[in-house]
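Asker: next comes the sequence, and after it the predicted model I'd like to discuss.
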Amino acid sequence: MADIGIDLGATHSVLAHYDNEPKVIENKGRPKTPSVVAYSEDDSELLVGQAARDEAFCLPSVRFWRRDIGADRTYELGGKTYTPVDLSAMILAQVKAAAEERLNEPVDIAVISVPAYVTGPGKEATLRAAQLAGLKNVRLLAEPVAAALAFGSKGTVLVYDLGSSTFDVTIIDCVDYRVLGLDGDNYLGGDNFDKLLLAHLAKEVKRQAGIDLESSPHALQHARRDCEKAKIKLSDSQSATILVQAVVGGTPVNAKMKVTRDVFERMIMPLVDETIHKVERVVGKAILQAPKFAKEDIDSVLLVGGSTHIPLVQRRLRDYFGKEPSKKIHPELAVAFGAAMYAASIPVEEGIHRIAVKPVPNATAQRQVTIEGRTSPGAALELRTPLGFVDGKADEGGRFFLTAALAPNSMNTIRLLATSSSGEQRRRQFTVQRDDSCHDEEVVEVIADPPIVWPRPLGIRVVGQDDRLRLVVGHHSVLPFRASAFCCVTPSSRGAPSQCLIEVYEGDLPYALLNTRLAQLVLIAPPSVNMVEPLEVAFRITEDCLLVVTACLVNFPDHRVTATIKERSCSGDNLGVLDRLDHLLRGITDKIRPEERARLNKTKMRLLDLCQQYKRDPQKDEYEKIKETGLQLRTEVAHLEAQFAQRE
């Protein structure tokens, strides 16, 4: 039985396996599987992965659905309707098959990476996709945490993740994998750089040949691919040449464009600067959360995502932090490597799981090596070194602790064998150099399970009492958590039961109705109550990363109501005003006037500034201004939504 790590990306997915060290598992000879699904020209065959990407501009295809997983969104393809869950399952099924073919054994454990900001609905949708793909024992791991695991980071790190279609920046305390700050843009990445270069090429072709390149999907597809290759080449060379040889509308086209790194960097500079602004914002968030924190406390900057190969990106980060970003791990493989390392540390309920330990030190002065690890409960263990062997047994939790002697001044090959009661076996082998001139002490430990982080704040509102948000769970709370807030419920009349409506919100805007409403709980009070009663609302997280909210009367614990939050509407009145604004602006990017966009963003920034002032000093009378500004913004958004809906 095998364990794998999967970086399920918006543009590409990467598969890895850990066996003494993380390794990429290729899919049909390629290290990356494009997250693309298409139908053949006659709608007779469903194309998945590389086959779909090769024809993405010529055939009906779907890309970037990963951004919408967990949302109420569908795609039409080949006369059928697909959800992001369906499409993700197709990619996962293909990489699962590739893993089983390469490892020559079935996959029993898979760790799938998810963005740090994804919430309950997105996590549940990812788990459903894994189930449809035939993956049974699945865990989810936040992408920046996976990257930190792969880099073997210590202290405080900033993970700068710039992929093909998304950007995330996260500050992590690697002592307990606590997230100190998080920001990003779901619509910014290397794909935007390709589009800028393609637009530049289209103008040059128009100038040289008088042909509109965009009028031919086939020509555009090849040009897009050549632009991507040129972008990659410019990371190592000062210039690149793009040749266009195609037939457009029956007319042969032969054009050539040379682009220098300087020209390319000027094109993409505004987008790269936008990522640096978000880096500055996330550092500011970390300082607000931990007042003693400073930018200088960031020990290393980790580069994740293919677009971090671009020299301009590395240069801007170096200028901002005053230190060289870490390139110890290949940026496009780091998340998959971390997921594979985590997968190797998870025990299974039946059989023997692969034994996971951290990389063994190259040299140690100790006469013995001590290994702490984990496998299946009760497994018989045998640790062999050149000087003999040691027997042991895993405890009921699968943990074990073994110590064996090392041969002096030599390279020691160590073998660890685990055997289940049914006779199934797992083996690990590694080497340790004993050098008697060393003076260090080394203990090899199992990879610890990193905690899951809930990225967004949660709060409640008791309908009819106060419209202020009672913030219960702050930013980036480590899971699992249990938190409570106390409110009051008053019966409507003596002898008659009362209904207490508790609304659960995601967000931290002080005026509750400006946040995203996740659920409404209706709690029935007993008829005997004729007084103000304390109410407890508790939040917890299931093993599947679903949010469970329970409300009960403290003095009447049998009177309770529970809601499991599985889905969140991505539009409509239940969506928070800021998310609603962002959703609107993305949908009408080319239709709204620049001055209108600027005015909406100005109102948004005023709202955020007022909220920051209110958080610093809640006694200050900013609440009414927040309410007024937020409602004004919501009205303007609703007006634009209606306006553009009528046009369509």
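Answerer: Arrived safely.

Asker: for the stretch 401-550 of the chain, which spans come out with low pLDDT?
Answerer: Flagging of the stretch 401-550 of the chain using pLDDT under 70 yields the residue ranges 424-425, 427-431, 433, 435-455, 475-497, 527-532, 542-545.

Asker: which parts of it are strands?
Answerer: Taking DSSP state E, counting those that start in this stretch, the strands of the stretch 401-550 of the chain run over residues 410-419, 425-434, 452-454, 458-462, 470-473, 477-479, 483-489, 499-506, 516-524, 533-541, 547-553.

Asker: residues contacting the fourth one, please?
Answerer: Residues external to strand 458-462 that are found in contact with it (Cβ atoms under 8 Å, 6 or more residues apart in numbering): 467-473, 485, 487-489, 500-508, 512-513, 515, 518, 535, 537, 539, 547. All C-beta spots, glycine's among them, are computed from the backbone N, C-alpha and C.

Asker: report the buried members of the residues you listed.
Answerer: Buried members of the contacts of strand 458-462, scored by 16 or more other Cβ atoms under 10 Å, are 469-473, 485, 487, 489, 500, 502-508, 512-513, 515, 518, 535, 537, 539, 547.

Asker: hmm, back to that, tell me the most buried of the strands of the stretch 401-550 of the chain?
Answerer: strand 458-462 (a mean of 23; mean count of other Cβ atoms under 10 Å).

Asker: okay, angle between it and strand 533-541 too, please.
Answerer: 150 degrees (axes from the mean of the first three to the mean of the last three Cα atoms, to 10 degrees).

Asker: residue contacts, Val390?
Answerer: So Val390 contacts Glu382, Leu383, Leu402, Thr403, Ala404 (Cβ under 8 Å, 6+ apart).

Asker: among those residues, name the buried ones.
Answerer: Among those, those classed as buried by 16+ other Cβ under 10 Å are Glu382, Leu383, Leu402, Ala404.

Asker: save the strands of the stretch 401-550 of the chain as a markdown table, and put in distance to Val253 too.
Answerer: Below are the strands of the stretch 401-550 of the chain laid out as a markdown table (distance: least, Cβ to Cβ, whole Å):
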| stretch | distance to Val253 |
| --- | --- |
| strand 410-419 | 62 |
| strand 425-434 | 57 |
| strand 452-454 | 51 |
| strand 458-462 | 56 |
| strand 470-473 | 58 |
| strand 477-479 | 56 |
| strand 483-489 | 63 |
| strand 499-506 | 51 |
| strand 516-524 | 49 |
| strand 533-541 | 57 |
| strand 547-553 | 55 |
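
Asker: closest one to Gly134 among those?
Answerer: strand 425-434 (22.4 Å; Cβ to Cβ).

Asker: what about Glu76, distance to Leu87?
Answerer: Remark: distance between Glu76 and Leu87 (Cβ to Cβ, to the nearest Å) = 12 Å.

Asker: Throw the buried ones among the contacts of Val390 into JSON lines and include distance to Pro252, thanks.
Answerer: Shown next, in JSON lines, are those (distance: Cβ to Cβ, whole Å):
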{"residue": "Glu382", "distance to Pro252": "71"}
{"residue": "Leu383", "distance to Pro252": "70"}
{"residue": "Leu402", "distance to Pro252": "71"}
{"residue": "Ala404", "distance to Pro252": "72"}
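
Asker: pick the one among those residues closest to Asp609.
Answerer: Leu402 (57.6 Å).

Asker: would you agree the closest one is in contact with Leu381?
Answerer: Yes - Leu402 lies in contact with Leu381 (Cβ atoms under 8 Å); the separation is 6.4 Å.

Asker: what do those two both touch?
Answerer: Gly392, Leu416.

Asker: okay, now the closest residue to Arg434 other than its chain neighbours: neighbour count?
Answerer: Spatial nearest neighbour of Arg434, chain neighbours left out: Leu406 (4.4 Å); criterion: Cβ to Cβ, 6 or more residues apart in numbering. Leu406 has 21 neighbours, counted by other Cβ atoms under 10 Å.

Asker: from here on, count from 2
Answerer: Okay, using 2 as the starting number, the last item reads as Leu407.

Asker: so what's Leu407 up against?
Answerer: So Leu407 contacts Thr365, Gln367, Arg368, Gln369, Val370, Thr386, Pro387, Leu388, Asn413, Val433, Arg435 (Cβ under 8 Å, 6+ apart).

Asker: before we move on, what about Ile269?
Answerer: Here Ile269 is in contact with Asn193, Phe194, Leu197, Ile311, Leu313 (Cβ under 8 Å, 6+ apart).

Asker: next, give phi and psi for it.
Answerer: When quoted as degrees, to the nearest 10, the phi and psi of Ile269 stand at phi -90, psi 0.

Asker: per-residue pLDDT, it?
Answerer: If you check Ile269, the pLDDT there is 89.

Asker: quick check: it vs Val314, distance?
Answerer: To Val314, Ile269 is 9 Å away according to Cβ to Cβ.

Asker: do the same with Thr565
Answerer: From Thr565 to Val314 the distance is 41 Å (Cβ to Cβ).

Asker: quick one, which of those two is more surrounded?
Answerer: It is Val314, of Thr565 and Val314, that has more neighbours when counted by other Cβ under 10 Å, with 24 against 14.

Asker: what helices and strands are in contact with the host helix or strand of the more buried one?
Answerer: Using DSSP states H and E, Val314 maps to helix 312-322. Where contact means 3 or more Cβ pairs under 8 Å, 6 or more residues apart in numbering; DSSP states H and E, helix 312-322 is packed against strand 157-163, helix 262-290, strand 301-305.

Asker: which element follows the first one toward the C-terminus?
Answerer: This points to strand 157-163. Once the chain leaves strand 157-163, the next helix or strand it forms, by DSSP H and E, is strand 168-174.

Asker: got the contact list for Arg317?
Answerer: Arg317 neighbours (Cβ under 8 Å, 6+ apart): Val273, Asp274, Thr276, Ile277.

Asker: which residue ranges of the stretch 52-201 of the chain form strands?
Answerer: 62-64, 76-78, 81-83, 108-115, 138-143, 157-163, 168-174, 179-186.
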